[in-house]
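Enquirer: I would like the atomic coordinates for the input below:
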Amino acid sequence: MSKPTYPQNRLHQREKGFSAFLVVAVTAVLGLLSFYTVEFGRNANRVNMEKQLLDSHAYIVGKQLISEGINSTCANGEFVGDTEALSAALFGELDQVNAEDRTYTCEELEMVTRDDGTYRRYRVASSYNALQDPNNPNQGRAKERGVIVEVKEINGEVERPRPQIMFILDYSGSMNSNGRAGRLKSAMQSFVNANYEADYGVILFDSGVRTTIGLGSGAAHNQNVMAVVNSNNPGGGTNFNGPLQNAYNA
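Expert: Numbering: from 1, shown residues only. You can find the predicted model right below:
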């Protein structure tokens, strides 16, 4: 007489059930691991982007400081001028960041002097946090990140450019009316008396060029100019072409 086999069948079914459970459990664990791996990768990418944005803004501030000067970088903790425009353009190329998240600040720090020179210093900071959830009040405030920008001051004598001015004085007949000629001569005298650090000359014209005194300065030049200006009287037509060409050539 053969022995009944139902206990073995039941044991076999239990083994199959346990194996299926293990497969499901392992699959679930692998699924969770895959999810967290993908999420970790996304977060790492966002954090890396955040750091690159901060470095890019530091670069913008330094470049503008060198090329445009201190008035084109930051004021009252904010970017100004072209620096602000460059920041906005940078964020305009990033789909991952909303415009309202562009919370960058710029602060001028005290200058420092080292053995190799003096440096202007700025701190560029951001309270934008790539991992911050604005809808989660329990997460707390975003962590601020900052970068110090240093630009070396260039020491050297600056040569002031000397202006060159050519006055084109209208001595046509229309200057006889309403005291125009007198006011013209008076204005020229006021300029000479101001003694500006500039080289200047005059061109008197009516239908053509009457007199040209080239660029110069000093007492003798001033005396010569005013002698010519005061000794001439209006008359004739008005032709700008000649005096304008003379002024350009001078």
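Enquirer: distance check, residue 121 against residue 178.
Expert: To residue 178, residue 121 is 60 Å away according to Cβ to Cβ, to the nearest Å. Backbone N, C-alpha and C define where each C-beta goes, glycine included.
Enquirer: neighbour count winner among these two?
Expert: Using other Cβ atoms under 10 Å, the more surrounded residue of residue 121 and residue 178 is residue 121, with 14 against 9.
Enquirer: and that one, what is it in contact with?
Expert: By Cβ atoms under 8 Å, 6 or more residues apart in numbering, the residues touching residue 121 are 108-112, 148-150.
Enquirer: where's residue 243 relative to residue 198, distance?
Expert: Distance, residue 243 to residue 198, by Cβ to Cβ: 19 Å.
Enquirer: higher neighbour count, these two?
Expert: Applying other Cβ under 10 Å to residue 243 and residue 198 shows that residue 243 carries more neighbours, namely 23 against 13.
Enquirer: need the contact list for the more buried one.
Expert: Contact analysis of residue 243 by Cβ under 8 Å, 6+ apart lists 168, 203, 205, 209.
Enquirer: isn't the third one right up against residue 242?
Expert: So the one you mean is residue 205. Yes: assessed by Cβ atoms under 8 Å, residue 205 is found in contact with residue 242 at 6.3 Å.
Enquirer: now the chain, which segments are flagged as low pLDDT?
Expert: The chain contains residues with pLDDT under 70 at 1-47, 92-102, 128-143.
Enquirer: quick one: the helices in it?
Expert: 6-67, 81-92, 180-194, 219-231, 241-249 (DSSP state H).
Enquirer: where do the domain boundaries of this protein fall?
Expert: What automatic domain parsing lists as the domains of the chain is 10-152, 164-249.
Enquirer: make a markdown table out of those domains and add distance to residue 158.
Expert: Output for the domains of the chain, formatted as a markdown table (distance: least, Cβ to Cβ, whole Å):
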| stretch | distance to residue 158 |
| --- | --- |
| domain 10-152 | 13 |
| domain 164-249 | 14 |
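Enquirer: out of residue 205 and residue 242, which sits in the busier spot?
Expert: residue 205 (25 against 16).
Enquirer: leaving out chain neighbours, which residue sits closest to that one?
Expert: Distances taken as Cβ to Cβ, 6 or more residues apart in numbering put residue 243 closest to residue 205, at 4.1 Å, once the chain neighbours are dropped.
Enquirer: repeat that for residue 224.
Expert: Nearest to residue 224 is residue 213, by Cβ to Cβ, 6+ apart, at 6.4 Å.
Enquirer: that neighbour and residue 202 touch, don't they?
Expert: Yes: taking Cβ under 8 Å as the definition, residue 213 is a contact partner of residue 202 at 5.1 Å.
Enquirer: find residues that contact each of these two.
Expert: Jointly contacting residue 213 and residue 202 under the rule Cβ under 8 Å, 6+ apart are 225, 228.
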